[in-house]
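Colleague: return a 3D structure for these sequence lines:
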Amino acid sequence: MSAVAERILRVLEELANSPEGKTLSELSTSLDLPISATHRLLADLMEQDYVRKDERRGEFTLTMKMPSLGLRFLSAGGVVDIAQPILERLASTSGELVRLAIVDGEQLIYVAKAQGARQGIRYDPEMGRPVTLSCSAAGMIWLAGKSDEEVMRLVSKQGFGVPSDFGPNAPTTFKALIPHIDAARTNGYATTHDMFLPAMSSMATTVHAENGEVRAILIIAGPMSRLTDAKMKELVPSLMSTSKELSEASGVSPMLRQAMKGPNFAVSIAS
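Modeller: Sure thing, here's the model as predicted:
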């Protein structure tokens, strides 16, 4: 990849994580680029309508062009249309948030959701962010199907979730993480408490392709006050039946059908 293309992508990723916008100097600092180079990149992106500038505050933000491209891609692939009714049913059954994420390379990215909570605390993390493998039920059950060596490689590549950024129980070492993965291997599903977010719980199981390989992960997540150990055990049958339904339905969507043939596909609902 050319240096210019890499820098442009870094600018887009930085602004995607900063919906409130960033000034030229803030972007220059966070990207470790000269102000002049950062300014040229922003000028090119504004010319193509990917970035806009608030002239009053001097902050740069993304336009809706990139989100619209992503939504157009998902719509054409049939992902949301096929998966949404399935997500809605599980959300209604669980009374909690259900989310869909597709693996892009070696990371899970949220692309759709269904909210089952009608009152009280509603767990609703941001769309489009990668799942942190070391402190999420989605990550743990996905890693459970891999060797310990592969677990160490993938988690080392991404980095551990820092408890100050996630939950107080987020593992910060492989010694702390591996027992959770071993439990997921034994039980066939993963659970977390106080890991991905403070006072939040989640549970996850795998979705299999026709050849028996793990291609997807299904997760339910919500406040620990509602999603207790007892409640999660009660939801295991619904989680398992929904994962089977999602696997069978994936053949209808062109995008999911192609993804289910590849080695790096996973679906996660919630965290």
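Colleague: which residue ranges form the helices in the stretch 151-271 of the chain?
Modeller: Taking DSSP state H, counting those that start in this stretch, the helices of the stretch 151-271 of the chain run over residues 174-187, 229-249, 254-261.
Colleague: quick one: closest of these to Ile141.
Modeller: Nearest of the helices of the stretch 151-271 of the chain to Ile141, taken as C-beta to C-beta: helix 174-187 at 5.0 Å. C-beta here means a position set from N, CA and C on the backbone, and glycine is covered the same way.
Colleague: quickly note the distance from the nearest residue in space to Val11 that is not next to it in sequence to Leu33.
Modeller: Among residues not flanking Val11 along the chain, Leu41 sits closest, at 5.2 Å (C-beta to C-beta, 6 or more residues apart in numbering). The gap separating Leu41 from Leu33 is 8 Å, by C-beta to C-beta, to the nearest Å.
Colleague: overlap in contacts of these two?
Modeller: When contacts are counted by C-beta atoms under 8 Å, 6 or more residues apart in numbering, Leu41 and Leu33 are jointly contacted by Arg7.
Colleague: just the CA coordinates for stretch 7-23, please, in PDB.
Modeller: Output of stretch 7-23 as PDB, limited to C-alpha atoms (Å, rounded to 0.1, in the frame of the first residue of the first chain):
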ATOM      1  CA  ARG A   7      -2.300   7.900   5.700                       C
ATOM      2  CA  ILE A   8      -5.800   8.600   4.300                       C
ATOM      3  CA  LEU A   9      -7.100   5.400   5.800                       C
ATOM      4  CA  ARG A  10      -5.600   6.400   9.200                       C
ATOM      5  CA  VAL A  11      -7.300   9.800   9.000                       C
ATOM      6  CA  LEU A  12     -10.700   8.100   8.200                       C
ATOM      7  CA  GLU A  13     -10.300   5.600  11.100                       C
ATOM      8  CA  GLU A  14      -9.300   8.300  13.500                       C
ATOM      9  CA  LEU A  15     -12.300  10.500  12.600                       C
ATOM     10  CA  ALA A  16     -14.600   7.400  12.800                       C
ATOM     11  CA  ASN A  17     -13.600   7.100  16.400                       C
ATOM     12  CA  SER A  18     -14.200  10.800  17.100                       C
ATOM     13  CA  PRO A  19     -17.800  11.700  16.100                       C
ATOM     14  CA  GLU A  20     -17.500  15.000  18.000                       C
ATOM     15  CA  GLY A  21     -14.700  15.900  15.500                       C
ATOM     16  CA  LYS A  22     -11.000  16.800  15.900                       C
ATOM     17  CA  THR A  23      -9.000  19.900  15.100                       C
END
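Colleague: what's in contact with that stretch?
Modeller: Outside stretch 7-23, the residues that touch it by C-beta under 8 Å, 6+ apart are 27, 30-31, 33, 37-38, 41-42, 44-45, 50-51, 54, 57-62, 66, 128-129.
Colleague: which of the residues you listed are buried?
Modeller: Among those, those classed as buried by neighbour count (16 or more other C-beta atoms under 10 Å) are 27, 31, 33, 38, 41-42, 45, 50-51, 59-60, 62, 66.
Colleague: among those residues, which are located in strands?
Modeller: When DSSP state E is applied, these are split such that 51, 59-60, 62 fall in strands.
Colleague: please identify which of the residues you listed is nearest to Ala170.
Modeller: Nearest to Ala170 out of these is Leu62 (C-beta to C-beta; 28.7 Å).
Colleague: so which residues of the stretch 1-150 of the chain form helices?
Modeller: For the stretch 1-150 of the chain, applying DSSP H, counting those that start in this stretch gives helices covering 3-16, 24-31, 35-47, 65-77, 79-94, 137-144, 148-158.
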